[in-house]
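1. Quick one, structure for this:
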Amino acid sequence: DMSEDDADNTEGWVDEMDELTEAEQLEVERSTCPVKLALLKLHKLGYKIIHSTTIILPAWRDILRKLCMSITYLPRDVATRWHLTFDMLEYALKHRMAVDKV
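-> Here you go, the predicted model:
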């Protein structure tokens, strides 16, 4: 016989933040804020590169050419696909010189 909480948690997911005190939750939020902001900036950059066909996209291509890098684009992350966030971050690190020039 399953309790109501168990019925909602059939896949074993646990929200670790619920297990922390309020002070610990605030510390986690404070310490992860720079990472969240960096990921948000990368997400916005990836969107702008693809959707700014007259300004940023040509500039991105020029930057990559000048750095002798192949013309590729920053992968876009999707909230429900954590591996895409990883792919976006990995790409940004490999293309850091280009990202820094945009």
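
2. Longest helix in the protein, please.
-> Across the chain, the helix with the greatest residue count (assigned by DSSP state H) is helix 22-51.

3. In terms of secondary structure, what does that one contact?
-> The contact analysis (3 or more C-beta pairs under 8 Å, 6 or more residues apart in numbering; DSSP states H and E) places helix 22-51 against helix 56-66, helix 82-94. For the C-beta atoms, the positions are set from N, CA and C on the backbone; glycine is no exception.

4. tell me which residues in that helix are buried?
-> By neighbour count, with 16 or more other C-beta atoms under 10 Å as the criterion, the buried positions of helix 22-51 are 42-43, 45-46, 49.

5. Helix 82-94 and that helix, what's the angle between them?
-> 70 degrees (axes from the mean of the first three to the mean of the last three C-alpha atoms, to 10 degrees).

6. Poorly predicted segments of the chain, please.
-> Applying pLDDT under 70 to the chain picks out residues 1-10.

7. one more time with 50, if that's ok
-> With pLDDT under 50 as the threshold, the chain has low-confidence stretches at 1.

8. quick one: the nearest residue to residue 49 once chain neighbours are set aside from residue 19, how far?
-> Beyond its immediate neighbours in the sequence, the residue positioned closest to residue 49 (C-beta to C-beta, 6 or more residues apart in numbering) is residue 60, lying 4.9 Å away. In this structure, residue 60 lies at 43 Å from residue 19, with C-beta to C-beta, to the nearest Å as the measure.

9. Between the two, point out the one with more neighbours.
-> Between residue 60 and residue 19, residue 60 has the larger neighbour count (other C-beta atoms under 10 Å), namely 24 against 9.

10. Can I get the buried residues of helix 22-51 in CSV including distance to residue 11?
-> What follows is the buried residues of helix 22-51, written out as CSV (distance: C-beta to C-beta, whole Å):
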residue, distance to residue 11
42, 29
43, 27
45, 33
46, 30
49, 35
